[in-house]
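> got a sequence here, can you model it:
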Amino acid sequence: MKWDYKVVSVDSLFQGSNDHDIAVSKEAANSRRTTAIEGMEKTLKDLGKDSWELVSIIGDFGIFKKPAN
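Modelled structure (predicted):
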């Protein structure tokens with residue numbers, strides 16, 4: 001089988017997570033973690049709708065594949 005590949009930066013996987021400040025409380029850290037998780041789930045669902053499957057995360061990059069047309 002032949003594959004198409006897509007490489008994206010890990011930062012682009014975390015929609016809605018533009019805050020780079022240090023969390024000063026456990027609640028703030030949990031809130032930021034929840035936002036990051038929700039953003040990544042949305043991105044993965046969006047890519048999955050186009051048949052992209054996450055193969056690996058290597059360093060700062062996510063590698064996706066889907067069957068070639």
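> how far does the one helix or strand Gly62 maps to sit from the chain's center?
In this structure, Gly62 is located in strand 61-67 according to DSSP states H and E. Centre-to-centre, strand 61-67 and its host chain are 11 Å apart (Cα atoms, centre = their mean, to the nearest Å).
> could you give the mean pLDDT of that strand?
Here strand 61-67 scores 96 as its mean pLDDT.
> likewise stretch 32-52?
On average, stretch 32-52 scores 91.
> distance between that stretch and the chain's centre?
6 Å.
> any idea how far the residue positioned nearest the centre of the chain lies from Tyr5?
Taking Cα atoms, centre = their mean, the centroid of the chain lies closest to Leu13, which sits 2.6 Å from it. According to Cβ to Cβ, to the nearest Å, Leu13 and Tyr5 sit 16 Å apart. Just so you know, the C-beta spots here come from the backbone N, C-alpha and C atoms, and that holds for glycine as well.
> for Ala68, same thing?
9 Å.
> just Val55 next, same as before
8 Å.
> overlap in contacts, these two.
Both Val55 and Tyr5 are contacted by Ile63, Phe64, Lys65, under the criterion Cβ atoms under 8 Å, 6 or more residues apart in numbering.
> out of these, which one sits closest to Asp50?
Nearest to Asp50 among these, counting by Cβ to Cβ, is Phe64 at 9.4 Å.
> these two touch, right, that closest one and Leu44?
No - using Cβ atoms under 8 Å, Phe64 is not in contact with Leu44, being 9.3 Å away.
> which residues do those two both contact?
Leu54.
> between these two, which has more neighbouring residues?
Phe64 (20 against 16; other Cβ atoms under 10 Å).
> residues in contact with that one?
Tyr5, Lys6, Val7, Val8, Leu47, Trp52, Glu53, Leu54, Val55.
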